[in-house]
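K.L.:
the sequence isn't on hand, but the structure is:
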């Protein structure tokens, strides 16, 4: 039985944002369901630049919001009304970074001949100082061009019909692979810093991988062996979930365990000089299967994990 959700007295055209009103479709718990559009949305109130906003949505298996029609845009104003008061707009998935003045959506489709082109605020786009190539939507539902490096909240969206359930890993990310050990893994070829890798895994509702046994180390190393032609600065390592960022020279997992307590602490027998270990503080595994430390801000491939039937 579907249970009705309490809503305020809104006009009949206003969408109801219900967290679990999903008779047919299900998705992540941090997304809200809009029955009128059969679409899930998430307001990210932590502001960031346009490129990172787009990346975060993609990591979550969704896309940076672009309104499909005027009704959807009008109703999104209800969602973004929950933003902190000092934010005036959200980033949306429209830009002219390919050719100045030719605004396109994330699929590369021009908005020039669409209804969206009528939504510019007065005087916009003006490409102030030749630096404004990304688009925001104001609280009033109007478009304005801003610098892509500016900081704004943003909204991610996905239509219910585009959601694919990964039965093997009990989540909605088809790139997670069941390791046969109670965990699922997602290998990220695109190199990121250790800190960014940590955040990407969290955004996927997982964790930067923690090795709990020698057999798991062998499994993880096999993933690394499948990617020999990486463009990463160091293609021979994989960021994993340990560091000494909390306690210098005391290497612990991101869950606070010592490596010994976690179940795997086999270090590369070739010791590095102290000058390197003073600056290399974040954990990795090499193609040899041994643990090592690397510079936290040096991009590398990384591995996310998710315990099956659990939510971090």
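P.N.:
Cool, the structure landed. Bear in mind that the values here come from a model prediction, so they are computed numbers and not experimental data.
K.L.:
just to check, residue 112 is in contact with residue 99?
P.N.:
No: with contact defined as C-beta atoms under 8 Å, residue 112 does not reach residue 99; the gap is 11.4 Å. In this view, the C-beta of every residue, glycine as well, is placed from N, C-alpha and C.
K.L.:
may I see the buried residues of stretch 116-128?
P.N.:
Taking 16 or more other C-beta atoms under 10 Å as the neighbour-count basis, stretch 116-128 is seen to contain the buried residues 116, 119, 120, 121, 124, 125.
K.L.:
wait, is residue 190 part of a strand?
P.N.:
Yes: if the criterion is DSSP: H, G, I helix; E, B strand; the rest coil, then residue 190 is within a strand.
K.L.:
what's the domain layout of the protein?
P.N.:
When the chain is parsed with automatic domain parsing, its domains come out as 17-161, 177-307.
K.L.:
turn the ones you listed into JSON lines, columns for distance to residue 167 and mean pLDDT.
P.N.:
Below are the domains of the chain laid out as JSON lines (distance: least, C-beta to C-beta, whole Å; pLDDT from 0 to 100):
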{"stretch": "domain 17-161", "distance to residue 167": "13", "mean pLDDT": "89"}
{"stretch": "domain 177-307", "distance to residue 167": "10", "mean pLDDT": "90"}
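K.L.:
looking at those domains, which is nearest to residue 169?
P.N.:
domain 177-307 (3.7 Å; C-beta to C-beta).
K.L.:
flag every buried residue along stretch 228-239.
P.N.:
The neighbour-count criterion (16+ other C-beta under 10 Å) identifies 230, 232, 234, 235, 236, 237, 238, 239 as the buried residues of stretch 228-239.
K.L.:
next, count neighbours for the closest residue to the second one other than its chain neighbours.
P.N.:
Here the nearest residue to residue 232 in space, its sequence neighbours aside, is residue 191; by C-beta to C-beta, 6 or more residues apart in numbering that works out to 3.7 Å. Residue crowding around residue 191 was assessed by other C-beta atoms under 10 Å; the count is 19.
K.L.:
leaving out the residues flanking it, which one is nearest to the residue nearest to the spatial centre of the chain?
P.N.:
Note on the chain: the residue nearest the mean C-alpha position is residue 56, at 2.8 Å, using C-alpha atoms, centre = their mean. If the residues on either side of it in the chain are set aside, residue 56 comes closest to residue 203, at 5.8 Å by C-beta to C-beta, 6+ apart.
K.L.:
quick one: the one you found and residue 55 touch, right?
P.N.:
No: shown here, residue 203 and residue 55 do not form a contact pair, counting by C-beta under 8 Å, at 9.1 Å.
K.L.:
what's around the residue nearest to residue 56, how many residues?
P.N.:
Counted with other C-beta under 10 Å, the neighbours of residue 203 add up to 19.
K.L.:
as a check, name the ranges of all helices in the stretch 51-200 of the chain.
P.N.:
Defined through DSSP state H, counting those that start in this stretch, the helices belonging to the stretch 51-200 of the chain, from first to last, are 70-80, 194-203.
K.L.:
export those to JSON lines and tack on distance to residue 225?
P.N.:
Compiled in JSON lines, the helices of the stretch 51-200 of the chain are given as follows (distance: least, C-beta to C-beta, whole Å):
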{"stretch": "helix 70-80", "distance to residue 225": "44"}
{"stretch": "helix 194-203", "distance to residue 225": "19"}
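K.L.:
out of those, which gets nearest to residue 252?
P.N.:
Counting by C-beta to C-beta, residue 252 lies closest to helix 194-203 out of those; the figure is 13.7 Å.
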